[in-house]
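A.B. asks: The sequence and its predicted three-dimensional model are supplied below.
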Amino acid sequence: MILIISSSLNPQSRSLLLAKNVLLQLQGIDVECELVDLAEENLPRCNAGSCYGEPAVVSIAEKIKSASGVILATPVYNYSICSEAKNLVELTGQAWKETVAGFLCAAGGQGSYMAIMHLANSLMLDFRTFVLPRFVYATGESFAGSEITDNDLLDRIGQFANEMNRVSKALIG
């Protein structure tokens, strides 16, 4: 099963649109998958204490741990991923151990396309997560309202979905 996590809390989130599109792409190739929207979860802030035992944390950590692959969709703000994505990894770190991860990023402009790299490095080094070398980075020009209007972006999401399916099957089973 591939788990897709949307980390934006914005109801008009472009990264959520990316997550929903990759969900459709995966379903279109008969891959079992689930979308979790952090805007609908009640995750506490990581305080390096009792937060790890909170029911919402335990639940999402179990989903991550049991998934053959995890796709994190995140907005990019000020040249970095959103704080909700960082908080998720802080809360669930060990659950990412030896899984496959991939990223969908939505940003305002071209300048922050490397924003995901610090998280990718952390997952690889701390938890031996296999990170897909292909990730999707989209700018505001690829969207109109609540739609993805860029055919190249839609093609890249399709390639990303196929790669996540292929690699997670090969490495995790």
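C.D. replies: Ah, there it is.

A.B. asks: buried stuff in stretch 95-113?
C.D. replies: Using 16 or more other Cβ atoms under 10 Å as the test for burial, stretch 95-113 gives 95-96, 99-107, 112-113. The way it works is simple: take the backbone N, C-alpha and C, and place the C-beta from them, glycine included.

A.B. asks: how about those residues in TSV, adding secondary structure, distance to residue 50 and pLDDT?
C.D. replies: What follows is the buried residues of stretch 95-113, written out as TSV (DSSP: H, G, I helix; E, B strand; the rest coil; distance: Cβ to Cβ, whole Å; pLDDT from 0 to 100):
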residue	secondary structure	distance to residue 50	pLDDT
95	helix	18	98
96	helix	21	97
99	coil	25	94
100	strand	30	97
101	strand	27	98
102	strand	31	98
103	strand	30	98
104	strand	32	98
105	strand	32	97
106	strand	33	97
107	strand	34	94
112	helix	34	89
113	coil	37	89
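
A.B. asks: Just send those back as a markdown table, with distance to residue 161 too.
C.D. replies: Below are those laid out as a markdown table (distance: Cβ to Cβ, whole Å):
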| residue | distance to residue 161 |
| --- | --- |
| 95 | 22 |
| 96 | 20 |
| 99 | 17 |
| 100 | 13 |
| 101 | 14 |
| 102 | 9 |
| 103 | 13 |
| 104 | 10 |
| 105 | 15 |
| 106 | 16 |
| 107 | 20 |
| 112 | 23 |
| 113 | 20 |
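
A.B. asks: So residue 65 sits against residue 93, correct?
C.D. replies: No - Residue 65 is beyond contact range of residue 93, at 10.9 Å (criterion: Cβ atoms under 8 Å).
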